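[1] Quick one, structure for this:
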Amino acid sequence: MSERPAKAASDSRVTLSLIMMPEHANMYGNVHGGVIMKLVDEAAGTAAVRHAQRPVVTVAIDSMTFLSPVHVGELISCSAKVTYVGRTSIEVRVTVEAEDIMAGKKTHTNSACAVFVALDDDRRPCDVPGLLITSDEERRDWELGRARQEARVTASKRPGA
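    Down below sits the predicted model:
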């Protein structure tokens with residue numbers, strides 16, 4: 001692990017919010033999935049940079065299932081939290097909510113886990129601070145993150161992967 005002290009997940013949390021406008025949507029008024037995916041990547045990347053205090057690059061985003069549409073005029077919020085840290089990698093879980101701000105109604109639209117690798121000044125992978133586990137929930141997040149990372153590594157070693 002890094003020589004820098006471990007950090008709590010709360011030190012790196014990020015919420016990115018944006019009102020969805022007509023340019024974000026298709027002709028039916030539904031926001032394009034790609035717009036939401038970009039916001040997820042931006043929120044997760046910001047949390048990863050906060051944790052590493054280094055530049056990071058996206059290496060994976062786990063599957064993203066859209067549970068409900070997001071419409072023009074809704075406030076979309078992407079809440080990002082570091083859940084697992086390897087030697088050079090950081091997993092960030094992002095939860096996405098759409099809010100009809102006039103009605104005060106919030107809807108969970110999707111979640112995803114993104115993985116980043118921190119880079120040194122020569123743009124090579126470098127060690128990142130560890131993650132302090134401060135609650136049972138964070139311990140569960142860590143264990144699930146470790147299992148996801150093991151599955152990613154296993155999948156990447158399969159022929160044709």
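
[2] got a list of contacts for stretch 130-137?
    1-2, 6-10, 51, 82, 84-85, 138-139, 142 (CB atoms under 8 Å, 6 or more residues apart in numbering). For glycine as for every other residue, the C-beta is placed from the backbone atoms N, C-alpha and C.

[3] Pull out the buried residues from those.
    Neighbour-count burial (16 or more other CB atoms under 10 Å) is assigned, among the contacts of stretch 130-137, to 2, 7, 9, 51, 82, 84-85, 138, 142.

[4] Among these, which one sits closest to residue 158?
    Of all the buried ones among the contacts of stretch 130-137, residue 158 sits closest to residue 84, with 21.6 Å by CB to CB.

[5] Mind telling me what element the residue lying closest to the closest one once chain neighbours are set aside is part of?
    In space, and not counting its chain neighbours, residue 84 is closest to residue 145: 2.5 Å by CB to CB, 6 or more residues apart in numbering. Assessed by DSSP states H and E, residue 145 sits inside helix 136-156.

[6] what about that helix, distance to the chain center?
    Put simply, helix 136-156 sits 14 Å off its chain's centre (CA atoms, centre = their mean, to the nearest Å).

[7] Return the subset of the contacts of stretch 130-137 lying in helices.
    The helices, defined by DSSP state H, take in 51, 138-139, 142 from those.

[8] Report all helices and strands that the longest strand along the chain contacts.
    Using DSSP state E to define each element, the chain has its longest strand at strand 105-118. Counting contacts by 3 or more CB pairs under 8 Å, 6 or more residues apart in numbering; DSSP states H and E, strand 105-118 is packed against helix 33-52, strand 56-61, strand 89-100, helix 136-156.

[9] what residues are up against the most centrally placed residue in the chain?
    Nearest to the mean C-alpha position of the chain, by CA atoms, centre = their mean, lies residue 44 at 3.4 Å. Residue 44 makes contacts with 58, 61, 78, 80, 92, 94, 112, 114, 116, as judged by CB under 8 Å, 6+ apart.
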